[in-house]
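> Would you be able to build a 3D model of this:
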Amino acid sequence: MKNSFILFFLILGISQALEAQNFTDFIGYLNALPTTERQAKVDSFMNALDQTPVVETDYVSFVFQSTGSNIAVPGDFNGWNPNAAPLSKVSGTNLWYRTYAFDNAARLEYKIFEDGNWYLDMDNPYYAFGGFGANSELRMPDYLPPSEVITDFSIPSGTLLDTTFYSYNLSNSRQIKVYTPAGYESSSASYPTVLVHDGLEYVDIAEMPTVLDNLISVGLIEPVIALFVPPVNRTPEYANEDQADFTDFIIEEIYPWLDQRFRTKTSASDRAVIGSSLGGNISLWLGLTESETFGNIGAFSPYIEGDIRQLMNTGAVYAGKVYMNHGTYDHLNLIHESVDFAVPVMESKGYDHIYAEYPEGHSYYFWRAYLDDALIYFFQGTLSSLAEAKNSDLLVNLEVYPNPLSDSAWVEYTLSKQVESQLILFKSDGHLHKVLDYGNYAQGMYKKVITKSESDSVGTYVVVLFVNGVSVASRKVVFE
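The predicted structure follows:
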C-alpha cells in the first residue's frame with residue numbers, strides 16, 4: 001500500500017507531501033489543507049487505492065466514504081459491537097476512518113456499519129462465509145490462505161452420501177452426511193472415522209470434504225470416513241439438558257449404524273470426534289466420557305462447561321489425543337476463559353495434546369484452516385508437507401458493463417486454467433442475492449447477464465468470483 005500513497009501524491013503534484021509514507025501522514029496532510037480543498041483530495045486518494053482497507057505492516061486503516069452520521073467497523077476484533085468501533089470523520093469531507101494495530105499474520109472478519117445498517121466493504125475483494133451470511137475479510141501481510149481448501153480436479157475425490165436419521169433417544173430426525181474416501185468402493189479395507197459436529201456447516205462453509213480429499217491424495221493422512229452430524233437443538237444437545245440423550249444417540253444409534261453400514265475400524269485410536277465452539281464442548285464431553293469409543297478429540301475455540309472442567313481436574317488422564325486451538329481475537333470471553341482453564345490442566349496432568357493460538361476470530365474460515373493440523377495429528381499419513389496453494393498460477397479478470405445498470409448488464413470473466421468457479425451477486429449487507437453462475441470451467445472467457453427485476457432494490461450490490469472456494473475478484477454493481 002505504501003506505493004499507492006506515493007503514487008497518489010505524485011498524481012496530485014504535491015511536493016510538500018512526497019515524504020508522506022502512510023495513512024496517518026495523509027490524514028495529517030488533509031487536516032492541514034483549507035476545508036474547501038479537502039474533498040477533492042479525498043476523492044483522488046480513494047480512486048487511487050487498489051482496494052480497502054489500507055494495510056501497512058502491523059497497521060490497518062478502515063476507510064469509508066459516506067454522508068451518514070454514524071459509521072463504524074464492527075468485527076472479530078471488537079466483539080462485533082458497532083459502539084466499540086466508531087470511525088472518525090475528516091472535517092469538510094465524506095471520509096471516515098479508523099486505524100488499528102493487528103498481528104501481522106492476522107485474518108479477521110468485519111463489516112461496515114452505517115446509520116444502523118450493516119454492509120460489506122465494497123472495495124475489499126476478500127469475503128468469508130459464516131452462519132449469518134458473508135463478511136468482509138481482512139488479510140494482514142503475513143497471512144497465508146490455506147491451500148487444502150482449494151479443489152484440485154487432478155486428484156480423485158471422495159463421495160458424499162446423504163441420509164435422514166431418526167433418533168429414538170431424542171425423538172427427532174436430522175439430515176446427516178457421510179464422506180467415503182476415493183477408492184472406497186473398489187477396496188475391501190476398513191477405515192478410521194471422524195465424527196464432525198455442526199456437520200452441515202463443516203461441509204458447506206468449512207469445505208471439509210475438499211480438505212480430506214487433498215490431505216488423503218498427498219499422503220498427509222490415511223484415508224478416513226467422515227460423519228457429518230448437525231444438531232437439531234444445538235445448545236440443549238451440546239451443553240445442556242439434552243446432552244445425555246445426545247450422547248446415547250451417538251453411542252447407541254449413530255455409531256452402530258455407521259459400523260454396520262460402512263467398513264470402519266472400531267478401536268478408539270481409529271476414531272476422532274471434532275467440533276468448534278459449543279461443538280468443541282460436546283466433542284470434549286464425548287471423548288472424556290466415552291474414551292473407549294473416541295481416542296482423539298478436536299476442540300476448535302471450545303466453550304468448556306463445568307462438568308467437563310471437573311472431569312479434567314479430578315478424573316483420570318485422557319488416554320487419547322487432544323487437539324485444541326483458539327483465536328487471539330475471539331470476541332467471546334467464555335472461549336478465552338475455557339481455553340485458559342484447559343491448557344494448564346492438560347500440561348500439568350500430562351495429556352497427549354497439541355494446543356495452538358492464532359491471530360483470528362471465531363469463525364468457520366478460521367477453523368477450516370487448521371483441520372489439517374488436527375487430522376494429521378490423529379491419522380498421520382506417509383508424507384509431512386502439503387503442496388503449494390493450487391491457485392498460485394491462476395490469473396483472472398472480472399468486468400461488469402454497463403455499470404450502473406438500469407435493466408441488465410454483462411458480467412465478463414476470464415480464467416487462465418480449469419477451475420471450479422462460482423459467480424455470486426451479494427447485497428450490500430453481505431447476504432446472497434443470487435447465484436449467477438456455477439460449474440467446472442476450462443480456461444477461457446465467460447459472460448453472464450445480470451437482469452434487474454422489479455423486486456430488486458435500487459442501490460449498490462457486489463459481484464464476487466470464487467475459484468475453488470476462494471474469493472479472487474469482485475466488482476461493485478449499481479442498480480439504478
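
> how about the strands in the stretch 351-480 of the chain?
Remark: strands assigned in the stretch 351-480 of the chain by DSSP state E, counting those that start in this stretch are 352-358, 396-401, 408-415, 419-427, 432-441, 444-451, 459-467, 470-479.

> what about those, which gets the closest to residue 92?
strand 459-467 (24.3 Å; CB to CB). Heads up, the C-betas are built off the backbone N, CA and C, glycines and all.

> what about that closest one, average pLDDT?
The average pLDDT within strand 459-467 is 81.

> cool, stretch 406-414 as well?
Stretch 406-414 comes out at a mean pLDDT of 84.

> What's the per-residue pLDDT of residue 423 here?
84.

> Please name the bridge partners of it.
Counting by DSSP bridges, residue 423 is bridged to residue 437, residue 465.

> That one touches residue 412, doesn't it?
No. If you go by CB atoms under 8 Å, residue 423 and residue 412 don't touch, sitting 10.4 Å apart.

> Tell me which of these two has more neighbours.
residue 423 (21 against 14; other CB atoms under 10 Å).

> mind giving me the domain split of the protein?
2-139, 147-378, 396-479 (automatic domain parsing).

> looking at the ones you listed, which has the lowest confidence?
For those, mean pLDDT drops lowest on domain 396-479, to a mean of 81.

> Contacts made by stretch 237-247 with the rest, please.
169-170, 197, 231, 233, 236, 275, 278-279, 281-282, 285-286, 289-290, 303, 305 (CB atoms under 8 Å, 6 or more residues apart in numbering).

> In space, what's closest to the spatially most central residue of the chain - neighbours in sequence excluded?
Taking CA atoms, centre = their mean, the centroid of the chain lies closest to residue 365, which sits 1.7 Å from it. What sits nearest to residue 365 in space, not counting adjacent residues and going by CB to CB, 6 or more residues apart in numbering, is residue 128, at 4.2 Å.

> got it, and residue 317?
For residue 317, the spatially nearest residue (CB to CB, 6+ apart) is residue 349, at 5.1 Å.

> I'd like to know how many residues surround that neighbour.
Other residues close to residue 349 by other CB under 10 Å number 14.

> This structure: helices as residue ranges?
Using DSSP state H, the helices of the chain run over 2-12, 23-32, 35-48, 199-204, 208-217, 234-239, 243-248, 255-261, 278-289, 306-314, 333-349, 364-368, 371-378.

> can you list those helices in CSV and add distance to residue 322?
Putting the helices of the chain into CSV (distance: least, CB to CB, whole Å) gives the following:
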stretch, distance to residue 322
helix 2-12, 43
helix 23-32, 43
helix 35-48, 48
helix 199-204, 19
helix 208-217, 19
helix 234-239, 18
helix 243-248, 18
helix 255-261, 20
helix 278-289, 7
helix 306-314, 10
helix 333-349, 6
helix 364-368, 16
helix 371-378, 9
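
> What is the burial count for residue 266?
13.

> Sorry, slip of the keys, the one I care about is residue 54.
22.

> excluding its backbone neighbours, what's nearest it?
In space, residue 54 is closest to residue 61, 4.3 Å off (CB to CB, 6+ apart).

> contacting residues for that neighbour?
Counted by CB under 8 Å, 6+ apart, residue 61 has contacts 23, 53, 54, 97, 98, 99, 100.

> Could you check how far residue 433 is from residue 261?
Separation of residue 433 from residue 261 (CB to CB, to the nearest Å) stands at 40 Å.

> that older thread, the residue nearest to the centre of the chain and residue 22: what is the separation?
28 Å.

> can you check residue 161 too?
53 Å.

> where along the stretch 101-250 of the chain do the strands fall?
Counting by DSSP E, counting those that start in this stretch, residue ranges of the strands within the stretch 101-250 of the chain are 107-110, 112-114, 117-119, 127-130, 133-139, 159-167, 172-180, 193-197, 225-229.

> who does the first one touch, helix- and strand-wise?
Contact analysis of strand 107-110 by 3 or more CB pairs under 8 Å, 6 or more residues apart in numbering; DSSP states H and E lists strand 133-139, helix 364-368 as its packing neighbours.

> quick one: stretch 118-130 to chain centroid distance?
Its chain's average C-alpha position is 12 Å from that of stretch 118-130, according to CA atoms, centre = their mean, to the nearest Å.

> and if you look at stretch 155-175?
That offset, for stretch 155-175, works out to 24 Å (CA atoms, centre = their mean).

> just stretch 455-473 next, same as before
Offset of stretch 455-473 from its chain centre (CA atoms, centre = their mean): 17 Å.

> Burial check on the residue nearest to residue 365, number of neighbours?
So residue 128, with other CB under 10 Å, has 23 neighbours.

> Beta-bridge partners for it, please?
Bridge pairing for residue 128 - DSSP bridges - gives residue 135.

> That one against residue 360, yeah?
No. In this structure residue 128 lies outside contact range of residue 360 using CB under 8 Å: 10.3 Å.

> about what we covered before: which of residue 161 and residue 22 has more neighbours?
Neighbour count, other CB under 10 Å: between residue 161 and residue 22, residue 22 has more, with 17 against 12.
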